[in-house]
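Colleague: Need coordinates for the below:
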Amino acid sequence: MLRLLRNATLFAPEARGRCDLLVADGRVAALGADLPSPPAAYGAAEDDLGGALVIPGLLDAHVHLIGGGGEAGPATRVPPVQLSQLTRAGITTVVGVLGTDGTTRTVADLVARTYGLREEGLSAYCYTGAYELPVPTLTGSVRRDIVYVDPIIGVGELAISDHRSSQPTLDELLRVASDCHVAGLMTHKAGFLHLHLGDGRRGLELIRAALDRTELPPRVFHPTHINRQRALFDEACALGRRGCTVDVTAFPEEDPGDGLLATDAIARWLADPTLPDARLTCSSDGAGCMPVFGEGGRIVAMDVGRADTLIAALSDLTADGVALEAALPVFTRNVADQLRLPRKGRVEVGADADLVVLRGDPRRPRELAVDGVLAGGRWMVKGGEVVVPGTFERR
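Modeller: Below is the predicted model:
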C-alpha cells in the first residue's frame, strides 16, 4: 500500500513545482523534494514521472451513471457509464444523477450503480430525485434518503425553467431545499439541491425568491447548465455574488448558439474581480441526452454528454492564457468544497491520493491529455492505458 511518485511537477491546485509524493493506504503521506525511499522491507513501489504535470483528480458532480435520455422514446435511452469512460477522463470522484426520466429509471438503480463504481475503485456518490416533483426517493422521504443511504448526498437534478419540469412553485421548491439542508446538517453531507436549468424565461427567478424570502443559506442551491444562455449566465453571476455556488456544463457542441462554451464562461468568471473564484464549478453532464427541441417541444436532434469534456475544457482554458492554477479549482477544489469532501480536490498531506498525471504543455492549444490516473493511490490508467477496467469491460 506504499507508493513513491518521484519528479512530479505538482499543481495542488496551486503551483508547487517539482516534488515527490509518498502515498500510503490511499492517502498522501508526504510531499517534498527528494523524499527518501521507504525501507525495502516495506515493499514500496516507485514511479519516476520525469517532471510530468500532476494535478488532483477531477470531480464531476453531474453524470448520468445509469444513462440519461428517453425523451424521444425508449430507443433514445443513453447506455450506462462504464468505469474507464471516467478514469480515462481524469475523473476520480463522480456524483450520479437521474434526469428527465424518473419513471423507467429509479433511484434504486442509481444507488446500485454508485456502489458498483465504488467496488471498481472510484469515489462515487449520487443524488436522490430526478427532474420531477414529488421527488422520487428510495425510502419515501428526501431527508431519510440523505440520512440513511450512504452514497446519497442531496437532491438532483430537479428541473426548473424547463418545459419538462413539474413547474414547481416556490413553496414546493423550498420544502425540498429545507429537507436537503437539515439532512446535510444531521449527517455532515453536502445537503444541497442540484437544479437543472432549462431555457425558460423565468431563469433563476425561483432561487432569487428563495434567497429573498427565507433563511436558507445560499450554498443549498446549486444550479447547473448556467452557460446554456448568456442571459442565464449573467443571472448566475448575480447569484454567485450572493453566495451561491453555480455550475457550468462542459457541453460537447462546438457552437453554443445563444449560450457560452464552458471555457468562455469560466474565463469570464475568473476575470471578473466582483465574482468569488470559489463559487464556480464545472461538470460534464456525462451520458446525458442533449436534445434540440423544435416546434411543440418535440426533439429534432440530440447529442450525448461526454465525461472527457472536462479535461478538454481545462486544456482549452490554459491554451487561451488562463493559468493552470487559476483554472484547476473549478474542476477540483471548488467542487470538493461544494460536496463537503475535504480530502478531495487538493494534493496535500492527509488528502486522498486521487491524482492525474498529464502529458503535454499547458501553454499550447489542446496539449494537455490524461496519461495516468490514481484513485485512492491505485493506478487506474497508466501510460495512457487502462489498467483497471470496469467489471464488464475488456482489457
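Colleague: Now the nearest residue to residue 4 once chain neighbours are set aside, what are its backbone angles?
Modeller: Leaving aside its chain neighbours, residue 4 sits nearest to residue 46 (4.6 Å; criterion: CB to CB, 6 or more residues apart in numbering). Just so you know, the C-beta spots here come from the backbone N, C-alpha and C atoms, and that holds for glycine as well. With angles defined as degrees, to the nearest 10, residue 46 sits at phi -120, psi 140.
Colleague: quick thing: my sequence starts at 15, can you match it?
Modeller: With the count now opening at 15, the last piece we talked about shows up as residue 60.
Colleague: Okay, residue 60 and residue 198: tell me how far apart.
Modeller: According to CB to CB, to the nearest Å, residue 60 and residue 198 sit 41 Å apart.
Colleague: Who has more neighbours out of these two?
Modeller: Per other CB atoms under 10 Å, whichever of residue 60 and residue 198 has more neighbours is residue 198, with 21 against 13.
Colleague: right, and residue 254 touches residue 260 too?
Modeller: Yes: the criterion here is CB atoms under 8 Å, and residue 254 meets it with residue 260 at 5.6 Å.
Colleague: more neighbours, these two?
Modeller: For residue 254 versus residue 260, neighbours defined as other CB under 10 Å are more numerous around residue 260 (30 against 22).
Colleague: Can you check the pLDDT for that one?
Modeller: What the model reports as pLDDT for residue 260 is 98.
Colleague: thinking again about what came up before, so what sits against both of residue 254 and residue 260?
Modeller: Jointly contacting residue 254 and residue 260 under the rule CB atoms under 8 Å, 6 or more residues apart in numbering are 293-294.
Colleague: show me where the chain has helices.
Modeller: Using DSSP state H, the helices of the chain run over residues 97-101, 121-133, 156-162, 184-201, 219-227, 244-255, 276-285, 323-333, 338-341, 347-352.
Colleague: how far out from the middle of the chain is the second one?
Modeller: Here the centre of mass of C-alpha atoms in helix 121-133, compared against the chain's by CA atoms, centre = their mean, to the nearest Å, lies 17 Å away.
Colleague: next one: the fifth one
Modeller: Centre-to-centre, helix 219-227 and its host chain are 25 Å apart (CA atoms, centre = their mean).
Colleague: quick one: that helix to helix 244-255, angle?
Modeller: In terms of direction (axes from the mean of the first three to the mean of the last three CA atoms, to 10 degrees), helix 219-227 departs from helix 244-255 by 20 degrees.
Colleague: May I see the buried residues of helix 219-227?
Modeller: 220-222, 224-225 (16 or more other CB atoms under 10 Å).
Colleague: which helices and strands sit right next to it?
Modeller: Other elements packing on helix 219-227 under the criterion 3 or more CB pairs under 8 Å, 6 or more residues apart in numbering; DSSP states H and E are helix 184-201, strand 235-238, helix 244-255.
Colleague: what residue ranges in the chain score low on pLDDT?
Modeller: Residues of the chain meeting the criterion pLDDT under 70: 268-269, 309-311, 375-380, 409.
Colleague: gap between the residue positioned nearest the centre of it and residue 408?
Modeller: The centre of the chain sits closest to residue 74, judged by CA atoms, centre = their mean, with a distance of 1.7 Å. Computed as CB to CB, the residue 74 to residue 408 distance reads 24 Å.
Colleague: residue with max distance from the center of this protein?
Modeller: In the chain, residue 55 marks the outermost C-alpha relative to the chain mean, sitting 39.3 Å out by CA atoms, centre = their mean.
Colleague: which residues touch that residue?
Modeller: By CB under 8 Å, 6+ apart, residue 55 lies in contact with nothing.
Colleague: any idea how far it lies from residue 138?
Modeller: Separation of residue 55 from residue 138 (CB to CB) stands at 35 Å.
Colleague: do residue 255 as well
Modeller: Separation of residue 255 from residue 138 (CB to CB) stands at 33 Å.
Colleague: what does residue 232 give?
Modeller: Counting by CB to CB, the gap between residue 232 and residue 138 amounts to 27 Å.
Colleague: So those two - more neighbours on which side?
Modeller: residue 138 (23 against 18).
Colleague: Can you give me the distance of the more buried one to residue 221?
Modeller: Remark: distance between residue 138 and residue 221 (CB to CB) = 27 Å.
Colleague: pretty sure residue 209 is in contact with residue 238, am I right?
Modeller: Yes: counting by CB under 8 Å, residue 209 touches residue 238, with 6.7 Å between them.
Colleague: Identify the contacts common to these two.
Modeller: Contact criterion CB under 8 Å, 6+ apart; residues shared by residue 209 and residue 238: residue 171.
Colleague: Of those two, which one has the most company?
Modeller: Taking neighbours as other CB under 10 Å, residue 209 and residue 238 compare with residue 209 leading, 28 against 24.
Colleague: Setting aside sequence neighbours, what's the nearest residue to that one?
Modeller: Once flanking residues are discounted, residue 209 sits nearest to residue 237: 4.5 Å by CB to CB, 6+ apart.
Colleague: so the one you found touches residue 261, yeah?
Modeller: Yes: using CB under 8 Å, residue 237 is in contact with residue 261, at 6.6 Å.
Colleague: joint contacts of these two?
Modeller: Contact with both residue 237 and residue 261 is made by no residue, according to CB under 8 Å, 6+ apart.
Colleague: rewinding a little: same list (the helices of the chain) but as JSON lines, adding distance to residue 359.
Modeller: JSON lines is the format used below for the helices of the chain (distance: least, CB to CB, whole Å):
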{"stretch": "helix 97-101", "distance to residue 359": "16"}
{"stretch": "helix 121-133", "distance to residue 359": "18"}
{"stretch": "helix 156-162", "distance to residue 359": "21"}
{"stretch": "helix 184-201", "distance to residue 359": "18"}
{"stretch": "helix 219-227", "distance to residue 359": "24"}
{"stretch": "helix 244-255", "distance to residue 359": "19"}
{"stretch": "helix 276-285", "distance to residue 359": "16"}
{"stretch": "helix 323-333", "distance to residue 359": "13"}
{"stretch": "helix 338-341", "distance to residue 359": "13"}
{"stretch": "helix 347-352", "distance to residue 359": "3"}
